[in-house]
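Trainee: For reference, the sequence and a predicted model appear below.
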Amino acid sequence: MQAIVFDGVSYVYPSGVRALKDVSFTVERGELVVLMGENGSGKTTILKHLNGLLKPTSGKVFVDGLDTSKYTVAQLATHAGLVFQNAENMFFESTVWDEVAFALKNFGYSDDVVRKRVDWALRFFDLERYAGQSPFTLSGGEKKRLAFAVVLAWSPPIIALDEPTIGQDSLQKEKMLHMIRLLNTQGHTVIMASHDVEFVADLRPRIIAISSGSIVADGPADEILPDTEILRRCSLHPPQLALLMARLRDLGMPRKLVDVDTAARLLVERLRP
Amino acid sequence: MKVIEVRGLSFTYSGQDKPSLRDINFEVGEGEFVLISGPSGGGKSTLCRCINGLIPHFYEGELRGEVYVDGLPTSKTPTHILSQHVGMVFQNPQNQLFSLNVESDVAFALENLGLPREEIRDRVDEALALMGIEDLADRSPVELSGGQQQKVALASILALRPKVIMLDEPTSFLDPMSAMNLVELVDRLRRKLGLTILMVEHRIDLIAPRADRLAVIYEGQILYDGPPRDFFEKYDGHLYGVSVPKLARLSKEMARHLEWPGVILDIDEFERVVRLIAGHRL
Amino acid sequence: MSIFEGLRFRPGKSFIHRIDPRVKLSISIFILSLAAIYVDIIVLTLLISVEAFTVARAGVLRLWLRTLRGSIYLALLVFIITLVTRLLPGGPLAESLGYAVTYTYRLVVFLTSFSLFFLTTTPEEIALTLSRLRIPYEYIFAFVSAIRFTPVLADEMRSIMDAQRSRGLELDRGRLLSRVRKLIPVLIPLLVNVLRRSYELAEAMEVKCFGASKKRTYLRDLNIKPSDYAILAAAITLFATAIYLRVMGYAPLQILTGLELFNGM
């Protein structure tokens, strides 16, 4: 069964802004998908449809087989966990432990399950030692990890992340990269909005490129990221190595996304005397 | 001519026991473009606050050492005087625009200083023109995109006609195109007006090719201060919270197999070198 | 909330919009004062016609009507209270009805008297008016900030509510008491963010020389035009005449005489 189905979805905000125009795509279980596009292109609007915060103005959205127009946010949230871009600014409990337990209690899990899940989530995100501390005392990177823990505690089969790398330094980004890969290999469907091309290049997901509310392209990162035409339409610029390879096409460099080792091997082969 | 001089600077915020900066020595010459990087919480913003006088005038704590900006000792000069020598653009564009239209925001600091109306008019028009945002003059900041808001913030600083402009992670909230536009604009202004630029940023690949120097601040100290490429030559930047541009990694990889001129951060230069070597081979 | 509908910023370029805000403010005050001293259906009708005419000329009639509609409940309340308090001590029905109608009518004129000012004046012009009235800049800054940051805070509130709903919080379920308790996960982050924002704003204000000079200057200013003087002169003349007539005891359909009309029915 498909994890996510968007079938001809249009969405118009009450202000009259048409944020999505006839968007259709399908995400299989266990896929890793990144929505790319500039700010205001509709990425966040798509994510908010996954747990029913927004319902399509026309068209249908199915999440885990459920028609989102027929369920409440609380019901859908157990299927699709959404981590907001500034989720680290949404804490309110007096301890890190309670912050993670909040959602589990809302979903009606028994005390025993709540305890097990909170402990698991804190361990997974390396936050155990802060369990009894106030969330407000954490550093920026730790808060970001707590924001993930808060949603992943209930282990939703679909995980939606909105611009997780914004304002993060390279160490935190690397941790995030590992974590996203790990969650994905554990069978979670991950869908993420991002315009961080280098981060996405490292992740090598399937990319859905969006521009002003419409899908421009949908395919593997290997094909999309080196495609300067698609990126230009989405106001993005290609990752450094893809750009370099494109410029050196006449020297026999390939039109695809390469990592550092591959780029080095290809260049050395071509240049070695 | 040194426009910023920091000598033996240490600072501990009141209420904290660990110093945020320890024995910093740092100089910037007029017209230089310095990129400041390092992990979050390492002390980058604290250094900026010491340079524009927010420390010790706005933030309390224990300050040791001396900071001179354009010859003025920051601890003895009021911030509104310092602001006319060193301007500051903050990370969040929303939180540095106060007015109901762009023009008033650019005029804000000048009005606060009580400058005559004609002079404010001249300076505002000049700043808007420098940023190429004359057409936004009557718009409300709420209607602007993040990139436009950041341009307004920069214009409002330019109107003060400072010698030095500091930007604290100015592109964090922007998408890649807007970030690139802003950085290019800052670089162009620097050349045109002879400004000195200090930019705190994580987007190394975007800025390093334009910067004269890279200063890496790690755990309250200056770990490295010099040409950007040498840093990546000597350090594994990643261990110090500095994202390593893919070109730097590729350069190091190339150097292992070929006669290669060290770390290259600029893609044009990289392409030239590849073509040069390829040409030799022919 | 629609009673405040009129207080919003609507840019416009009509003749009425271009009248100096101080003149418009004076006219609004005149209308309010006349409604206060004349308890007279004809005068009140005249006043509201003046309002309707100017508002229509400015092209904001529909908004003004919405303000009127918004005042219906309050008007109804005043009508009932007046009627009851007149009837209970044994007042005749017709007279009590007359009072109730006139008082209600007057309230509507009261509530709408400032529409002309607020519907056709931008917040920025209001701020400039305040500065010309020598209100200290700190207060003007507070007024401007309130308008500047209201939409920002509204957005923030919406996104916090979305985030907490994504964590299973059901704001619209349960009894009143539990609903109030459910606001905590929304209000605490909102408060924390407001504090953080104010700190950042204060920092930015500091580097932008806030409070540096005792004599703050303003780039933009209000320029009073000859036509503004003419309008003001006309308004003052009419106002003075109306006051004079009232003092002399003239009133076309004053409530007490007007009541005879009701009694005669």
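Mentor: That came in fine, so what should we check first?

Trainee: can you list the residues of the stretch 101-250 of chain A near chain C?
Mentor: Counting by CB under 8 Å from any CB of the partner chain, the residues of the stretch 101-250 of chain A lying close to chain C are A:102, A:103, A:106, A:107, A:136, A:150, A:151. Where you see a C-beta, it was placed from the backbone N, CA and C, and this is true even at glycine.

Trainee: Tell me how many other residues crowd the first one.
Mentor: What that stands for is residue A:102. Using other CB atoms under 10 Å in any protein chain shown, residue A:102 is surrounded by 21 other residues.

Trainee: what's downstream of the helix or strand harbouring it, the next helix or strand?
Mentor: Using DSSP states H and E, residue A:102 maps to helix A:96-106. Next along the chain after helix A:96-106, taking DSSP H and E as the criterion, comes helix A:111-124.

Trainee: Would you map the helices across chain A?
Mentor: Assigned by DSSP state H, chain A shows helices spanning A:43-50, A:73-77, A:96-106, A:111-124, A:140-152, A:170-185, A:197-203, A:221-224, A:228-233, A:240-247, A:260-271.

Trainee: Out of those, which is the most enclosed?
Mentor: helix A:43-50 (a mean of 25; mean count of other CB atoms under 10 Å in any protein chain shown).

Trainee: where does chain C come near chain B, residue by residue?
Mentor: Chain C comes close to chain B at residues C:122-124, C:127, C:141, C:144-145, C:147-148, C:151-152, C:197, C:200-221, as judged by CB under 8 Å from any CB.

Trainee: show me what contacts residue B:88?
Mentor: B:48, B:52, B:157, B:165, B:166, B:167, B:168, C:207 (CB atoms under 8 Å, 6 or more residues apart in numbering or on different chains).

Trainee: right, and the helix or strand after the helix or strand where it lies?
Mentor: According to DSSP H and E, residue B:88 maps onto strand B:86-89. Helices and strands here follow DSSP H and E; after strand B:86-89, the next one along the chain is helix B:102-113.

Trainee: List the buried residues in that next one.
Mentor: B:102, B:103, B:104, B:105, B:106, B:107, B:108, B:109, B:110, B:111, B:112, B:113 (16 or more other CB atoms under 10 Å in any protein chain shown).

Trainee: just those that are near chain C?
Mentor: Among these, chain C is touched by B:103, B:104, B:107, B:108, B:109, B:110, B:111, B:112, B:113 when using CB under 8 Å from any CB.

Trainee: Surely the fifth one is in contact with residue B:161?
Mentor: No: look at residue B:109 against residue B:161 with CB atoms under 8 Å: they stay out of range, at 10.5 Å.

Trainee: need the helices for chain C, in chain order.
Mentor: Using DSSP H, helices in chain C cover C:15-18, C:21-37, C:41-57, C:61-70, C:72-87, C:93-113, C:115-119, C:123-132, C:137-166, C:176-181, C:184-207, C:226-247, C:255-263.

Trainee: Out of the ones you listed, which is the most enclosed?
Mentor: helix C:115-119 (a mean of 24).

Trainee: now for it, which elements pack on it?
Mentor: Judged by 3 or more CB pairs under 8 Å, 6 or more residues apart in numbering or on different chains; DSSP states H and E, the packing partners of helix C:115-119 are helix C:21-37, helix C:41-57, helix C:61-70.
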